[in-house]
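> From the sequence below, what's the structure:
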Amino acid sequence: MKNTLPRPAPFPQNPTLSSLLRTALKHRAPLLTAQTNALRLIDGEGDGFPDLFLETYADRWLLSTRHDRLLTPALRHELSETGKSVYWKHLDQNQKTSPHHLTGPEVTEPFPILENDIRYRIDFSAGYSQGIFLDQRDNRQRVRDLAQPGQTVLNTFAYTGAFSVCAAMGGATTTTLDLSQPYLDWAKENFRLNELDPAEHYFCKGDTFHWLKRFSKQGRQFNGIILDPPTFSRDKQGNVFSVEKDYGDLFALALSCLAPGGWILSSTNCRKLDEEAFRRQLTRHQPRGTTLESAPMPPDFNGEPYLKALWLLPRS
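Sure thing, here's the model as predicted:
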């Protein structure tokens, strides 16, 4: 059963920073459990903090802002009063730098978090991304629920392999595909954190389009496929992939590797592509006897609904 939250109380007319922070944290409290200690605590406009986002990773906080000017002395003081380890990240895709330490004890080593009783390795010094995207939490749980012993699941653009871990925890044999060997190694570590043997699964380094074409030619099929590509990319041959124009082609290629009765999770965080346009790209290739089901973002993401996720499922 999905975690749900009560509707938050209206924000006060002239809220103080302290009151907004307390309201947001109280609103998330039901989601912080013995099984899950990583959440979004403040989601921008949804919590009365435009362009400001706060996440907790096993009681270590990561503050992200779209503007330097949001990092005011008042905010620094408010965060220091919590006693938490707090790091700050400027949301600038062109910088790609690791978060900066703001206050509290420094985090000098990678550490594990828990999400739905599954462990993942987090590293605040690893660059722009810390090892997991919290907005996919409910989709990861659904992958775990769908995966069955004896089945196979392909995780493309896999990053640190969180979806692969969930499928493996459900009993499936997984194939984890990414361009980066360090990320594939990180994925293997996530497997070990959950007492899963990476040697019983497959890890492929390379371009997703290349591998999907190869799998299709070999007649290799999967019971489940995860597609979560970058918004824009260019391969070694100079071929450009754009989510706004080319997602349908990716989806069609994945379909050629899907076993009868299988499922595909297609998602994108491209803000320029609304859900209807995204759905149209997939519908053009949708097989008969299937449905495309929309998945909402987790309840702690109550601001901009930027993540679009569609599940291709057999029609019951």
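> pull the helix or strand with minimum mean pLDDT from the chain.
Using mean pLDDT, DSSP states H and E, the weakest-scoring helix or strand in the chain turns out to be strand 232-234, at a mean of 64.
> Just list the residues touching the residue nearest the centre of the chain, thanks.
Centroid check for the chain by C-alpha atoms, centre = their mean gives Phe133 as the closest residue, at 3.0 Å. Neighbour list for Phe133: 159, 162 [criterion: C-beta atoms under 8 Å, 6 or more residues apart in numbering]. For the C-beta atoms, the positions are set from N, CA and C on the backbone; glycine is no exception.
> Need the phi and psi values for it.
When read as degrees, to the nearest 10, the backbone of Phe133 gives phi -110, psi 110.
> and if you look at the one 3 residues further on?
Its backbone dihedrals place Gln136 at phi -100, psi 10, with angles given as degrees, to the nearest 10.
> what's near enough to touch it?
Gln136 makes contact with 162-163, 228, 267, 307, 309 under the criterion C-beta under 8 Å, 6+ apart.
> of these, closest to Arg66?
Ranked by distance to Arg66 (C-beta to C-beta), those are led by Leu307 at 17.1 Å.
> Helices of the stretch 1-150 of the chain, residue ranges please.
In the stretch 1-150 of the chain, helices defined by DSSP state H, counting those that start in this stretch lie at 17-28, 73-80, 137-146, listed in chain order.
> Grab the nearest non-local neighbour of Ser125.
Excluding its sequence neighbours, the residue lying closest to Ser125 (C-beta to C-beta, 6 or more residues apart in numbering) is Ser98, at 5.1 Å.
> cool, Val143 as well?
Nearest non-adjacent residue to Val143, counting by C-beta to C-beta, 6+ apart: Cys166, 4.6 Å away.
> For that neighbour, which residues are in contact?
Cys166 touches 118, 140-141, 143-144, 147, counting by C-beta under 8 Å, 6+ apart.
> With distance to Leu292 and pLDDT as new columns, can these be given to me in a markdown table?
Output for the contacts of Cys166, formatted as a markdown table (distance: C-beta to C-beta, whole Å; pLDDT from 0 to 100):
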| residue | distance to Leu292 | pLDDT |
| --- | --- | --- |
| Ile118 | 27 | 98 |
| Arg140 | 19 | 98 |
| Gln141 | 20 | 98 |
| Val143 | 17 | 98 |
| Arg144 | 21 | 98 |
| Ala147 | 20 | 98 |
